[in-house]
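> Structure, please.
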Amino acid sequence: MEFIDEIRQLLAESGKTFEEKICGEITAFSESGGSFSVIAVPITETSPGAAERKSLVVKEFAATVPNPAIIAEDTWISRGIAVKARLKAHLGMFARIYARNCEVRRIDKVTAAGFLSENHSYGDASCRYRYGLYTRRVTGGAEKKLAPGTLVAVAEFSSARHLEIGGRTVASYEWVRYASKSWIRVNGGMGKMLQAFIDDVHPDDVMSYADLEWSEGGVYKSLGFVDEGLREPVTFAIDPIFWERTPLSRAADSAPLYYRNQGSVKYRLTLRG
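Residues are numbered from 1 along each chain as shown. Now for the predicted structure:
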């Protein structure tokens, strides 16, 4: 079954109706009467130039449908479990719990990597600080299905980057990863974990990126982050056996396939001006 058919099947399982719109080999699924769309992008480009041209087509096509999530073939194949879980969350196929019924703890690399491998569409990342959100003993709601001490979300932050701004040295950190358990949406989870990091490390500012293939970053704005503009799209060489991405700047002279993403939005939270 081709990956577009697999997306079509998953959308059907949501119980919602989607209308299909086709642009060449790209397919958009838009929820009927709703405000969410999925754009499925096969990877067939055999040169960086072709990948760049297709990226522009995807961008223009995405502008014709409401709130699109753009899913490329390589991530669907290589990170299928996490990507499907993220898509289900967008479709409302999740249980809701509340961060007030959870506690934040520092966790080790093995725990973070295992969790993110299953629940984040890009897996684990290099970082300095790792935090887990664990359930406490509660009495009702979706939390009742979870044993106390269940790990439901993970956040990762970088080490400090020291910047000279306005004649002083600023300790700036990057929020590298956040993911909740695939079938759970933790209300207030990002804010609680961010605050735990701030209380622990006392950064001057925290920056992060919103992947434009999934979101424009509204959650960052709600947490007080400020939009600092776009980060340019990146072209990747694709290994069609393992479907792994290598940035073009680090890839061999030639590769079988290429993909160019849609870039991201940079956000920053200034804590000490």
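
> continuing past the strand or helix carrying residue 114, what's the next helix or strand?
Per DSSP states H and E, residue 114 falls inside helix 109-119. Downstream of helix 109-119, the first helix or strand assigned by DSSP H and E is strand 129-135.

> and the angle for that following strand with helix 109-119?
Per axes from the mean of the first three to the mean of the last three C-alpha atoms, to 10 degrees, the angle that strand 129-135 makes with helix 109-119 is 70 degrees.

> and the closest residue to residue 28 other than its chain neighbours, how many neighbours does it have?
Spatial nearest neighbour of residue 28, excluding adjacent residues (C-beta to C-beta, 6 or more residues apart in numbering): residue 21 at 4.4 Å. To be clear about C-beta, it is placed using only N, CA and C from the backbone, and glycine gets the same treatment. Residue 21 has 15 neighbours, counted by other C-beta atoms under 10 Å.

> Return the distance of residue 21 relative to residue 36.
Applying C-beta to C-beta, to the nearest Å, the value for residue 21 to residue 36 is 14 Å.

> and for the two, which residues touch both?
residue 30 (C-beta atoms under 8 Å, 6 or more residues apart in numbering).

> could you pull out the helices for the stretch 101-250 of the chain?
109-119, 189-201, 218-222 (DSSP state H, counting those that start in this stretch).

> Find out how far the last one is from the centre of the chain, if you would.
Relative to its parent chain, helix 218-222 has a centroid offset of 14 Å by C-alpha atoms, centre = their mean, to the nearest Å.

> That helix: which residues count as buried?
Buried residues in helix 218-222, counted by 16 or more other C-beta atoms under 10 Å: residue 220.

> before we move on, what about stretch 110-129?
112-113, 115-116, 119-121, 124, 127, 129.

> farthest-separated two in those residues?
121 and 129 (21.2 Å; C-beta to C-beta).

> got the phi/psi numbers for the closest residue to residue 187 other than its chain neighbours?
Using C-beta to C-beta, 6+ apart and skipping residues adjacent in sequence, the residue nearest residue 187 is residue 98, 5.0 Å away. Backbone torsions for residue 98, taken as degrees, to the nearest 10, come to phi -120, psi 140.

> ditto for residue 3
The phi/psi pair for residue 3 (degrees, to the nearest 10) is phi -60, psi -30.

> The one 5 residues further on too?
Dihedral angles phi and psi of residue 8 (degrees, to the nearest 10) take the values phi -60, psi -40.
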